[in-house]
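S.K.: curious how this folds, go ahead:
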Amino acid sequence: MRVKPAIQTGAAAILAAACAASPGINSVAFEKRPPLTGQQGYLETIKYIDDGMKHIDPSSEFFISFDGQMCFRGLVNRQMATFETYANYWCIDPLAVYNVDALQNNVTNVNTVRLWCAHAAPQCARRIGYPNYLDTSNGIADSILVEITPYQPARAALEHLVYLMGGNLRQTGLR
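M.R.: Residues are numbered from 1 along each chain as shown. This is a model prediction of the structure:
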């Protein structure tokens, strides 16, 4: 009857080894390029974006997932913020980001930044997390809209992070 504890111990060891081999949250393994002269580094840029979101909403969050996705939690892609549960994240692969727009909101005065999917990767934004039965969206989108401040420097930070992670944004003025 000692077989069961041995199997459990073996399974736990395999699981621990697999977890140790995979990169963690905000892992520098996803930094593919060095920062340009005078620019923040990879981890500093992630913190700057997270701080900008937390300034609008302390419960929001930004991080790089274990599989290299840029993930946002908070009032992201929301039509009815009243029903936000903060149980979901919206994630996007930095290699699929085509453009980053800074959008001024003169109604709520909470400005936003929108990350657009490339034409070659439509619907690249994904909602990950628990089901929210009050949310009728299908969990995929062609962009992610994030409330953040200051929104223009945050746009530059997101563009810089995409660059650091190996992505290529479109050139300004081209469509």
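
S.K.: got any ranges where this protein has weak pLDDT?
M.R.: Within the chain, the ranges that satisfy pLDDT under 70 run 1-22, 75-86, 131-137, 171-175.

S.K.: ok, now with 50
M.R.: In the prediction, the chain carries residues with pLDDT under 50 at positions 1, 3-5, 7-8, 10-19, 80, 172-175.

S.K.: tell me where it has strands.
M.R.: 61-64, 70-73, 88-92, 97-103, 112-117, 125-129, 140-141, 143-147 (DSSP state E).

S.K.: so which of these comes closest to Lys54?
M.R.: Among the strands of the chain, strand 61-64 comes nearest to Lys54, with 7.8 Å by Cβ to Cβ. For every residue, glycine as well, the C-beta is placed using N, CA and C.

S.K.: which parts of the closest one are buried?
M.R.: For strand 61-64, the buried set under the neighbour-count rule, 16 or more other Cβ atoms under 10 Å, comprises Glu61, Phe62, Phe63, Ile64.

S.K.: what does that strand contact?
M.R.: 25-27, 30, 46, 49-50, 53-54, 70-74, 89, 146, 165 (Cβ atoms under 8 Å, 6 or more residues apart in numbering).

S.K.: can you select the buried ones from the residues you listed in PyMOL?
M.R.: Remark: buried members of the contacts of strand 61-64, expressed as a PyMOL selection using 16+ other Cβ under 10 Å:
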select buried, resi 26+27+30+46+49+50+53+54+70+71+72+73+74+89+146+165
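
S.K.: can you give me the helices in this structure?
M.R.: For the chain, applying DSSP state H gives helices covering 3-21, 42-56, 151-164.

S.K.: ok so, going back, dump the buried residues of strand 61-64 into JSON lines; add distance to Val113 as well.
M.R.: Below are those laid out as JSON lines (distance: Cβ to Cβ, whole Å):
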{"residue": "Glu61", "distance to Val113": "15"}
{"residue": "Phe62", "distance to Val113": "11"}
{"residue": "Phe63", "distance to Val113": "16"}
{"residue": "Ile64", "distance to Val113": "17"}
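
S.K.: how about these, which pair is most distant?
M.R.: Pairwise over the buried residues of strand 61-64, using Cβ to Cβ, the maximum falls at Glu61 and Ile64, 11.5 Å.

S.K.: hang on, the earlier thing: looking at the buried residues of strand 61-64, which is nearest Gln39?
M.R.: Nearest member of the buried residues of strand 61-64 to Gln39, counting by Cβ to Cβ, is Ile64, at 17.1 Å.

S.K.: distance of the closest one relative to Ile92?
M.R.: 11 Å (Cβ to Cβ, to the nearest Å).
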